[in-house]
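S.K.: sequence and computational prediction follow.
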Amino acid sequence: MQFFLDTADIESIKKYAAWGVVDGVTTNPSLLAKAGVSLEQRIKEIAEVVDGPISAEVVSVNAGEMVEEAKKYAQWHKNVVIKLPMTEEGLKALKMLSEEGIRCNVTLIFSAGQALLAAKNGAAFVSPFVGRLDDISEDGMALISEIMAIYKNYEFKTKVIVASVRHPRHVIESALMGADIATIPPEVFDKLIKHPMTDKGVEAFLKDWEKVKNLK
Ligand code: E4P
């Protein structure tokens with residue numbers, strides 16, 4: 001299973017990359033706004049820290065302009081993956097870009113039908129948003145299971161990125177299902193590593209070590 005980091009905050013990216021578990025990074029316009037930085041600057045900075053797919057999202061609304069935007073982003077670094085929205089125009093742009101060998105991540109996926117369309121048009125990745133589905137009382141993880149079953153039936157190569165991850169259970173359930181990738185926000189990485197019994201155990205071992213460390 002691969003872990004992507006879902007943030008545009010460069011300090012976070014450095015921190016979690018140093019853990020050795022970050023295989024890629026996903027950004028979106030909201031994450032960039034939160035970080036207060038331009039897309040180009042941040043993508044180039046991320047590429048120096050993480051050697052893996054880095055998603056950069058287009059903001060055009062028609063296919064021709066999306067393709068132009070995508071081609072510009074693709075020149076920034078070989079690891080750039082173009083994030084396209086799951087719209088009619090996004091689907092058209094996906095076809096054009098994937099035929100040219102430009103890898104795309106189709107975002108804002110909320111149904112298996114959308115994931116099927118994206119795979120047919122050659123998406124390298126799809127990003128189903130599990131947390132936002134849970135937010136409206138739907139079952140986000142059930143969508144992952146459906147998409148994975150469909151992709152398996154037809155041997156689609158499209159990789160599933162579990163996105164809009166809100167808590168460690170989303171990551172664990174993704175792993176149990178065999179999802180290819182989870183894109184994880186920094187705060188969820190912190191929750192994944194933490195366990196009070198681990199902290200308590202380390203504290204007790206260090207305390208006891210003090211009692212014997214000078215014994216010959
Ligand atoms: C990642 O590709 C998505 O843009 C991100 O996971 C969305 O997360 P949110 O629903 O917490 O905004």
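M.R.: In hand now; what should we look at? In this text the structure is predicted, and so the values were computed from the model without any measurement. Numbering: from 1, shown residues only.
S.K.: so where's the chain uncertain?
M.R.: Judged against pLDDT under 70, the chain has no low-scoring part.
S.K.: any idea which residue sits dead centre in it?
M.R.: By C-alpha atoms, centre = their mean, the mean C-alpha position of the chain lies nearest to T183, the distance being 2.9 Å.
S.K.: am I right that that one is in contact with V162?
M.R.: Yes. Applying C-beta atoms under 8 Å as the test, T183 and V162 come out as touching, 7.0 Å apart. In this view, the C-beta of every residue, glycine as well, is placed from N, C-alpha and C.
S.K.: coming back round to it: contacts only, for the residue nearest to the centre of the chain.
M.R.: Listed by C-beta atoms under 8 Å, 6 or more residues apart in numbering, the contact partners of T183 are F3, F4, L5, D6, G24, T26, S127, I161, V162, A163, V165.
S.K.: now the helix or strand hosting D199, how far from the chain's geometric center?
M.R.: Secondary structure from DSSP states H and E places D199 in helix 196-212. Going by C-alpha atoms, centre = their mean, to the nearest Å, the spacing between the C-alpha centre of helix 196-212 and its chain's C-alpha centre is 36 Å.
S.K.: export that helix as CSV, just CAs?
M.R.: Provided in CSV are the C-alpha atoms of helix 196-212 (Å, rounded to 0.1, in the frame of the first residue of the first chain):
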residue,chain,number,x,y,z
PRO,A,196,-1.0,5.9,24.7
MET,A,197,0.3,2.4,25.6
THR,A,198,3.4,3.0,23.5
ASP,A,199,4.1,6.3,25.2
LYS,A,200,3.5,4.7,28.6
GLY,A,201,5.8,1.7,27.7
VAL,A,202,8.6,3.9,26.5
GLU,A,203,8.4,6.0,29.6
ALA,A,204,8.6,3.0,31.9
PHE,A,205,11.5,1.4,30.0
LEU,A,206,13.5,4.6,30.2
LYS,A,207,12.8,5.0,33.9
ASP,A,208,13.9,1.4,34.6
TRP,A,209,17.0,1.8,32.4
GLU,A,210,18.1,4.6,34.7
LYS,A,211,18.2,2.0,37.6
VAL,A,212,20.6,-0.3,35.8
